[in-house]
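S.K.: here's a sequence, model it:
(2 chains)
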Amino acid sequence: MIRYRRRTLLQAGAALVGASAFGLPAIVRAQAERVRIGHLTPLTGFLGVIGSYAQLGVKLAAEEINASGGILGKPIDLLSEDSINPATAATKAQRMLEQDGAVVLLGEISSASSLTIMQVAERNKKVFFSTGARSDALRGKNCNKYSFHCDIPNTVMVNAVGTALSQKGMVKGKKFFTLTADYIFGHDLLKAAKTFFGAHEANLIGDELIATDVTDFSPYLLKVRQAKPDVVCCNLAGNQVTNLVKQYAEFGFPYPLVGFNLNTGDAWAAGAGNLSGTWPTVWYHTLNNPTSQAFVAAFTKKYGKPPENHAWIDYITLKLLAEAINTTKSTDSGELIAFFEKQAQFDIGKTRKAYFRSWDHQLVQEAYPFTVKAKDQMKDQWDMLVLGEVVPAANDGLETIYPTREQNPCEMKA
Amino acid sequence: MQFEFLLEQVVNGLVLGGYYLLIALGLSLIFSVGGIVNLAHGAFYALGAYVCVELTKRFGFGASVVISPFAVALLGILFERFILRRFYSADPILSLLVTFGLAMVAEQAIRMIWGAAPVSTEIPQTFRGSIIVGDFLFSRYRLLILVVVAAVLLGIWGLLHKTSFGRVVRAGIQRPDMVAALGIRLQPYMTAIVVLGVGMAALGGAFFAPITTVHPAMGAEIMTVAFVVVVIGGLGSFWGVVISALLVGVVRGIAIHFEPAAGEASIYVLMFLVLLVRPRGLLGERMEKFE
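M.R.: Residues are numbered from 1 along each chain as shown, chains lettered A, B, ... in the order given. Predicted structure coming up:
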């Protein structure tokens, strides 16, 4: 047995007491000098691929903000983690706010996970920016005072694609068959699609709800063929869009495939030669304006590939949040909410500036339909899409494509 | 008309079952010979897909779909020689742990080499589109897969039942001690079976690369169905796995026809029912060394 001298033990004890008296407060002080921000996004599962882009985007924003002096003169300490699923997302959000001392949360793509984080934010009275979730219900019946929504909602995606399809004569009197993701996002998108079909005299002749773990779509494609529609419409998300697009190209049906939801990451994953049709997007790296191009250049330099739309949205969200904190000189939830509710305008790399609408906290911005370039016209593997005319058109109000207060009512408790 | 639609789903299910078979048969063979449940089997499927996508850029799809399984099968030799071999007679929990760890290492390695974003390739123009026979519609590409699976199946069956190699393997599965007593070293046979199993998984990956998302976690995704197939068929049974793979494909197709929401759950219900009636699986044999 090792014997310690009494003096050694006493010295060690004194050192420990000394450390607790002087050393630990020093650590606490060091933490207080940074502004901690929590970021959650799916890095695994069917949304994992686009989630990893979101993480790259938010990290780049934090680096740039820190390089230019941080917020309120302090550097950002960004905690970015895999949200995994709705239950884990809520647990992690609670931990970030309660134990890690995050002053604000941002991120998420899954509407189901975003909903649980919104509830945590409300309970803790902290602001949460839901960057990539698109369900209308989050801005409507599930809305709350502490949650802000940065991506375009389902209704806008339906309107963006629907307008482009109407112009091509592909809506009025046509038979649609939809394939829909079986969770809150998909149900919500189908609802928006039905509203659009109803208003534009299109017929929905069939819909299949598809579990999020389905990878082989052949049985569903046989059902599509049996229904003989005029247009097939994809209401799926993440990897499932890629799988469907590839398998649709494999079967070579004569009915055009369009979709009310697509991320550029999914389009790239499907690859040239597989994707066709008309789809919506919130942003694309070829948008020609100084803010977008500066971001694309910085991202490409750092990561060696162009950014996907989720990289962009998480990047600009952290940027506009930093701008808000620096303007209000506060991280207090009440002051930030009051600032955004004044509908402050932000340059988000589009022709028109964007703002959070005061009554539902939706970031009102432009959207784009797109079609796919012929393979021989692509400059590289990323140069796949041809953006259509911006929606709403330049002389229409930005809010004309967003759900109205009557269509998607939101009541925020004071 | 309704009946024809159903029949179309049944036929499509058989084709899909053929694809499951490529993954499940290797898993079952490796278990039969070495007593190892290879949780890393999905990683070889993923590697098969990635190598095929990579080779397609240089040599075109036709050559890549042939080269890729052979290239990955060579990795199988190293896998057997340096990892599996140490665990044939060890506690099964150890081989479970080591192959589970290897699956994670392989997934991360793929992420490091090819990135987290999916890579893509497309079907050659010749095999695009569908063939309509009477009222039935077949994807040309899946028919090609079906032909390849049938050829592979026939080849493996012939190898196991019509050659001296197969006789030793089958004897080794039942009574490894007797084979040893006859002075035959089972080691090279085990290597061959692992290489064969790994190669088949890679072949499945290569063929599915153009019609599924090729991403790092694709190996983990396919393993669940592969296990269901092996468990329903009965561990170690060649025909059990064949019947089970086809059955799983067909049951899923029929379920989607009548009740789409039950599509994915249907194969687990099937597994539950089979295990309830025959805990050993459909054609699972009693194996002395596992009793």
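
S.K.: tell me the contacts of A:Thr116?
M.R.: Taking CB atoms under 8 Å, 6 or more residues apart in numbering or on different chains, we find A:Thr116 in contact with A:86-87, A:89-90, A:93. (C-beta placed from N, C-alpha, C; glycine too.)

S.K.: change it to 10 Å
M.R.: Residues near A:Thr116 by CB atoms under 10 Å, 6 or more residues apart in numbering or on different chains: A:83, A:85-91, A:93-94, A:108, A:110.

S.K.: kindly report the same for B:Glu107.
M.R.: With contact taken as CB under 10 Å, 6+ apart, B:Glu107 is in contact with B:40, B:42-43, B:46, B:215-220.

S.K.: can you check A:Pro307 too?
M.R.: Listed by CB under 10 Å, 6+ apart, the contact partners of A:Pro307 are A:53-54, A:56-57, A:60, A:264-265, A:283-285, A:292, A:295-296, A:298-300, A:313-315, A:382.

S.K.: before we move on, what about B:Arg170?
M.R.: Counting by CB under 10 Å, 6+ apart, B:Arg170 makes contact with B:32-33, B:160-161, B:179, B:238.

S.K.: nearest to A:Gly388 among the residues you listed?
M.R.: B:Phe238 (55.1 Å; CB to CB).

S.K.: and chain B, which of the contacts of A:Pro307 reach it?
M.R.: The subset of those lying close to chain B, counting by CB under 10 Å from any CB of the partner chain, consists of A:53, A:56, A:265.

S.K.: tell me the secondary structure for the second one?
M.R.: When the structure is split into helix, strand and coil by DSSP: H, G, I helix; E, B strand; the rest coil, A:Leu56 lands in helix.

S.K.: that one is in contact with A:Ala298, isn't it?
M.R.: No: taking contacts as CB atoms under 10 Å, A:Leu56 lies outside contact range of A:Ala298: 11.1 Å.

S.K.: any residues in contact with both of these two?
M.R.: Overlap of the contact sets of A:Leu56 and A:Ala298 (by CB under 10 Å, 6+ apart) consists of A:307, A:315.

S.K.: not counting sequence-adjacent ones, nearest residue to the residue in the stretch 1-150 of chain B that chain A sits nearest to?
M.R.: When scored by CB to the nearest CB, the stretch 1-150 of chain B has B:Ser120 as its residue closest to chain A, at 2.8 Å. Distances taken as CB to CB, 6 or more residues apart in numbering or on different chains place A:Gly271 nearest to B:Ser120, at 2.8 Å, with adjacent residues excluded.

S.K.: the one you found - how many residues pack around it?
M.R.: Applying other CB atoms under 10 Å in any protein chain shown, we find 23 residues neighbouring A:Gly271.

S.K.: look at B:Ala106 and report its pLDDT.
M.R.: Looking at B:Ala106, its pLDDT stands at 95.

S.K.: ditto for the one 3 residues further on
M.R.: In this prediction, B:Ala109 carries a pLDDT score of 95.

S.K.: do the same with A:Phe185
M.R.: Looking at A:Phe185, its pLDDT is 89.

S.K.: so it is in which element?
M.R.: Assignment of secondary structure by DSSP states H and E places A:Phe185 within helix A:184-199.

S.K.: can I get that helix in PDB, CA atoms only?
M.R.: C-alpha atoms of helix A:184-199 as PDB (Å, rounded to 0.1, in the frame of the first residue of the first chain):
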ATOM      1  CA  ILE A 184     -46.500  16.500 -40.000                       C
ATOM      2  CA  PHE A 185     -44.600  18.000 -42.900                       C
ATOM      3  CA  GLY A 186     -46.100  15.800 -45.500                       C
ATOM      4  CA  HIS A 187     -49.700  16.000 -44.200                       C
ATOM      5  CA  ASP A 188     -49.400  19.800 -44.100                       C
ATOM      6  CA  LEU A 189     -47.900  19.900 -47.700                       C
ATOM      7  CA  LEU A 190     -50.800  17.700 -48.900                       C
ATOM      8  CA  LYS A 191     -53.300  20.100 -47.300                       C
ATOM      9  CA  ALA A 192     -51.700  23.100 -49.100                       C
ATOM     10  CA  ALA A 193     -51.600  21.100 -52.300                       C
ATOM     11  CA  LYS A 194     -55.300  20.300 -52.000                       C
ATOM     12  CA  THR A 195     -56.100  23.900 -51.400                       C
ATOM     13  CA  PHE A 196     -54.200  24.800 -54.600                       C
ATOM     14  CA  PHE A 197     -55.800  22.100 -56.700                       C
ATOM     15  CA  GLY A 198     -59.200  23.100 -55.500                       C
ATOM     16  CA  ALA A 199     -58.600  26.800 -56.400                       C
END
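
S.K.: quick one on the thing from earlier: take the contacts of A:Thr116 and keep only those in strands.
M.R.: Cross-referencing the contacts of A:Thr116 against strands under DSSP state E gives no overlap.

S.K.: put the buried members of these into a ChimeraX selection.
M.R.: To isolate in ChimeraX the members of the contacts of A:Thr116 that are buried, counting by 16 or more other CB atoms under 10 Å in any protein chain shown, one can use:
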select /A:83,85,86,88,89,90,93,94,108,110
